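[1] Got a sequence here, can you build the structure:
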Amino acid sequence: MSLLLHQIPLRQAERTPASEALGCKNQWLDYQTLARQIRSVAAGLQKLGLSTNERVGIYLPKTPEAVFSYFGATAAGGVMVPVNLVLKAAQVFHILKDCNVRVLITNKARYQQLEAEISQCHDLLHVVLVDADVRGTTNWARFLQPYGMWEPIHAIDADMAAILYTSGSTGKPKGVILSHRNMVTGATSVAEYIGNTSEDRLLCVLPFSFDYGFSQLTTAFLVGASCYLLEYLLPQDVIKAIEQQQITGLGLVPPLWIQLAELNWAEGAADSLRYFTNTGGSMPTSTLDILRRRFRNARPFLMYGLTEAFRSCYLPPEQVDIRPGSIGKAIPNADVMVINELGEASAPNEPGELVHRGALVTMGYWNDPERTAERFRPAPNGLPEIPNKELAVWSGDIVRKDDEGYLYFIGRRDDMIKTSGYRVSPSEVEEVIYASGLVAEVAAIGVPHPRLEQAIVAVVVCSEGGVSDEASVIRHCQQCLPAYMVPKRVVQHVSLSRNPNGKIDRKPLLDEYRRLFQESKA
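    Numbering: from 1, shown residues only. Here you go, the predicted structure:
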């Protein structure tokens, strides 16, 4: 029988009700308590009148209430929409309005940031606050209903479960639609190749709006393991949590791994770790070497993925020394191909686009048929006799496959910037800078950076007779954008070159500034 997303923790509660499931600060909840809270949230949403497939926005730190809400939303028949805490009000409003969120679950501090303009979200009928009574909202205690009041919904694994927002090469962030099948298959695949068991204790550090972050929950709950929720202020907080909670599995992105590798660790602090994982960009070899020495009992799993297909491939630990730089082979339940510009399978070591097919391929972009058609296209190996062609995700990433089938990342086909584990749209940064009124033209580019993978550089042209003030542009960006999208540098040009189509040609700028941060040691 195919599982629905919320059935993962509910089923585990039937098997091991007294086992630890979820930890936060000094509190641990068992699976029975977790299941009851999920049902209470689901019953509360049903009482508010949530209809099948309506969206529930969850704008909370990593707390038990957030976890209850994610799974409670799908248990009520709705679709969960996690909202990243680092986003500014403008980005949050875009998400709430773009996917017509019907119920928003948040806290007082976040609500106060949105309150002045939240009436713009015409589809939003209810705001639930987990920590306060505020006029016009519903208090968490009044919202929750007895768990026995939950009415299980009729749904199948092909139905929507979540919408996760990710940047595209142009315009505002787009909502990737995930089915129950996508999310359950993803958890099953990861648990299989990592070898998760009920003995594992996973540390949840990454945002749950990031599919890699959310999969820490689903992977753990699938096998009856436990998760500890951590909102860290400093990298040292991660080290303390590993030792105090005896964490066995840790998944992070390269910038945080780099920070952790630079810290002094107490002897034996990481001895409980049996594996660590990386995705969201390549991990520097020097960083990996330090971590492997420090995590003496842990095996490294280096992975590649994209929100549109969860995760595509991984490099087994035993291959790390043999194939440096490789992103591995396809994970279970996925088929990963390398397709050249003729639409044919690339020969060994011939560059081509990574194309992913299988049960992890998501349902497209919310209310965006044009961009969906660009990225989700028929699988190249389909049989002509099958009328309904299977859709695959065409990643836009250029890779090569060696003689033994191991993949190596080469670069991006589009202008997307990969920084701090996030994909950033240049046009979204440019739009904010244009709105400042401080420049006449701007091009945002991503240049190599020793810690961030890429750093954002804004190349600007001033208005006639004007002078660009780098500090002023950066201050404006800090007010309007999350920190990871703020340019590290703003540099001035007399003019920006254009291609034959009249668009700004970024390649000369990339060539000019490629060594900017290496030379400046920034």
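[2] longest single strand anywhere in this protein?
    In the chain, taking DSSP state E as the definition, the longest strand is strand 391-401.
[3] which helices and strands does the following helix or strand past that one pack with?
    Remark: after strand 391-401, the chain's next helix or strand is strand 407-412, criterion DSSP states H and E. Applying 3 or more Cβ pairs under 8 Å, 6 or more residues apart in numbering; DSSP states H and E, we find strand 407-412 packed against strand 326-330, strand 391-401. Using the backbone N, CA and C atoms, a C-beta is placed for each residue, glycine as well.
[4] Mind listing the strands strand 407-412 pairs with, and their directions?
    Using DSSP bridges, the strands paired with strand 407-412 in its sheet are strand 326-330 (antiparallel), strand 391-401 (antiparallel).
[5] Give the buried residues for stretch 473-491.
    Residues 473-474, 476-477, 480-482, 484-490 are the ones in stretch 473-491 that count as buried (16 or more other Cβ atoms under 10 Å).
[6] Just the C-alphas of it, formatted as PDB.
    C-alpha atoms of stretch 473-491 as PDB (Å, rounded to 0.1, in the frame of the first residue of the first chain):
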ATOM      1  CA  VAL A 473      23.100  49.900  -2.500                       C
ATOM      2  CA  ILE A 474      24.000  47.100  -0.100                       C
ATOM      3  CA  ARG A 475      22.000  48.800   2.700                       C
ATOM      4  CA  HIS A 476      19.000  48.900   0.500                       C
ATOM      5  CA  CYS A 477      19.400  45.200  -0.400                       C
ATOM      6  CA  GLN A 478      19.700  44.300   3.300                       C
ATOM      7  CA  GLN A 479      16.400  45.900   4.000                       C
ATOM      8  CA  CYS A 480      14.600  44.100   1.100                       C
ATOM      9  CA  LEU A 481      16.300  40.800   0.700                       C
ATOM     10  CA  PRO A 482      17.300  37.800   2.900                       C
ATOM     11  CA  ALA A 483      21.000  37.800   3.800                       C
ATOM     12  CA  TYR A 484      22.000  35.100   1.300                       C
ATOM     13  CA  MET A 485      20.700  37.300  -1.600                       C
ATOM     14  CA  VAL A 486      22.500  40.500  -0.600                       C
ATOM     15  CA  PRO A 487      25.500  41.300  -3.000                       C
ATOM     16  CA  LYS A 488      28.900  41.000  -1.400                       C
ATOM     17  CA  ARG A 489      30.200  43.700  -3.700                       C
ATOM     18  CA  VAL A 490      28.800  46.500  -5.900                       C
ATOM     19  CA  VAL A 491      31.100  47.600  -8.700                       C
END
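[7] Quick check: mean pLDDT of that stretch?
    The pLDDT scores in stretch 473-491 average 95.
[8] what's next to it, contact-wise?
    For stretch 473-491, contacts defined as Cβ atoms under 8 Å, 6 or more residues apart in numbering pick out 84, 86-88, 90-91, 419-422, 424, 428-429, 432-433, 435-436, 438-439, 444, 449, 452, 455-460, 468, 470, 513, 516-517, 522.
[9] Likewise for stretch 62-72?
    5-6, 8-10, 22, 24, 27, 29, 34, 37-42, 44-45, 56, 58, 60, 80, 82, 105, 130, 140, 162, 204, 207-208, 214, 217, 229-231.
[10] Can you tell me which of those residues end up in strands?
    L22, C24, Q27, L29, V56, I58, M80, P82, I105, A162, C204, L229.
[11] Flag the shaky bits of the stretch 151-300 of the chain, pLDDT-wise.
    With pLDDT under 70 as the threshold, the stretch 151-300 of the chain has low-confidence stretches at 168-171.
[12] all helices of it, in order?
    180-194, 211-223, 235-245, 254-262, 285-294 (DSSP state H, counting those that start in this stretch).
[13] Now render the ones you listed as CSV, adding mean neighbour count.
    Listed next are these as CSV, based on neighbours: other Cβ atoms under 10 Å:
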stretch, mean neighbour count
helix 180-194, 22
helix 211-223, 25
helix 235-245, 17
helix 254-262, 19
helix 285-294, 15
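[14] domains of this protein?
    1-6+28-155, 199-297, 305-412, 417-520 (automatic domain parsing).
[15] tell me the centre residue of the chain?
    Geometric centre of the chain, nearest residue: F210, 2.1 Å, by Cα atoms, centre = their mean.
[16] Pretty sure it sits against N84.
    Yes: F210 lies in contact with N84 (Cβ atoms under 8 Å); the separation is 7.5 Å.
[17] I'd like the domains of the chain written out as CSV, with distance to T16 added.
    Below are those laid out as CSV (distance: least, Cβ to Cβ, whole Å):
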stretch, distance to T16
domain 1-6+28-155, 6
domain 199-297, 5
domain 305-412, 24
domain 417-520, 33
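[18] Which among the ones you listed is found nearest to I177?
    Closest of the domains of the chain to I177 is domain 305-412, at 3.9 Å (criterion: Cβ to Cβ).
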